[in-house]
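**Student:** can you look at this prediction? I've put the sequence above it.
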Amino acid sequence: MIIFNQRQQEILTLVQRDGHVTVEKLASHFDVTHQTIRRDITMLANNRQLQRLHGGASVLSSVENTAYKLRQVLLHAEKERIARLAAQHIPHHASLFINLGTTTEEVAKALHAHRGLRVVTNNLNVAATMCHYEDCEVIVAGGIMRPRDMGIIGESTIEFIRKFKVDYGIIGISSIETDGMMRDYDMREVRTSEAIISQSRNVFLVADHSKFGRPAMVELGHLSRVTALFTDAPVTAEMADMIAAAKIALHIASAN
């Protein structure tokens, strides 16, 4: 696996957040030469993490997500903060769905001190983490396993999830557009998330700031379908107005 340095990881974060960045802007931001930034962009493009353009770089596409191993380290501290805050809003002796995603996996880790949890998940990383917790029962959905992220998807996964009604559905997402639409890259993953939302009394969406305005192809639904949004930075005024109108609880896991 290719290991990207801190600057290259930050370049990816900026590209995912803004959609497009210029060499000039990146060179100024990191206080390095244009040649250094061009080499970074070339390396990231050659490893299919972004699209190299004349004078800059853009997100790879609306149909392909960033590689899972890289998503595990991108904005990791921010995801940990989001996870800790979300865990504080989940009581002991609760039933949960936890879906696919690196941020939801951090929520699973943050629940280590909870007691009496009953967890249904299609994420084998979550299952492997939580099965060792004291007084925690983990139920794993059946289906087709994706090797790249240990996720379980497919029709049998959806059918399995629909057998349960839980207190909290913990979901991640790849994109939240400015109009509040949630989007992802895989139709089967989206259909699984839809089932989780419909079978949860409360839905907690955990999403770092890079997910806002990011392109993705498959529509999951409007943000108004969730109970609470947990993120790491203040949202735009337009997004804040939409969240308030939809009566969604907004929780910011700030660094301070």
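**Tutor:** Arrived safely.
**Student:** how about the secondary structure of Thr42?
**Tutor:** helix (DSSP: H, G, I helix; E, B strand; the rest coil).
**Student:** roughly how far does it sit from Arg17?
**Tutor:** Distance from Thr42 to Arg17, counting by Cβ to Cβ, to the nearest Å: 21 Å. Quick note: C-beta positions are derived from backbone N, CA and C, even for glycine.
**Student:** more neighbours: those two, which one.
**Tutor:** Neighbour tally, Thr42 and Arg17, criterion other Cβ atoms under 10 Å: the higher count belongs to Arg17, 18 against 12.
**Student:** got phi/psi on that one?
**Tutor:** For Arg17, the backbone dihedrals (degrees, to the nearest 10) come out as phi -70, psi -40.
**Student:** against Arg148, how distant is Gly221?
**Tutor:** Using Cβ to Cβ, which is the criterion applied here, Gly221 is 25 Å from Arg148.
**Student:** those two - which one has more neighbours?
**Tutor:** With neighbours defined as other Cβ under 10 Å, Gly221 and Arg148 compare such that Gly221 has more, 15 against 10.
**Student:** quick one: contacts for the more buried one?
**Tutor:** If you count contacts by Cβ atoms under 8 Å, 6 or more residues apart in numbering, Gly221 has them with 181-182, 194, 197.
**Student:** give me the PyMOL select line for these, limited to the buried ones.
**Tutor:** The following PyMOL selection, which keeps only the buried ones among these, applies the criterion 16 or more other Cβ atoms under 10 Å:
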select buried, resi 182+194+197
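**Student:** adding secondary structure, write the contacts of Gly221 out as CSV.
**Tutor:** Converted to CSV, the contacts of Gly221 look like this (three-state DSSP):
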residue, secondary structure
Met181, strand
Met182, strand
Glu194, helix
Ile197, helix
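**Student:** which one of the contacts of Gly221 sits closest to Gln9?
**Tutor:** In terms of Cβ to Cβ, no member of these lies closer to Gln9 than Met182, at 24.7 Å.
**Student:** who are the neighbours in contact with that closest one?
**Tutor:** With contacts taken as Cβ under 8 Å, 6+ apart, Met182 has the following neighbours: 173, 175-176, 205, 219-223, 225.
**Student:** what's the strand or helix carrying Glu159 packed up against?
**Tutor:** The secondary structure element spanning Glu159 is helix 155-161 (assigned by DSSP states H and E). Here helix 155-161 touches helix 187-198, going by 3 or more Cβ pairs under 8 Å, 6 or more residues apart in numbering; DSSP states H and E.
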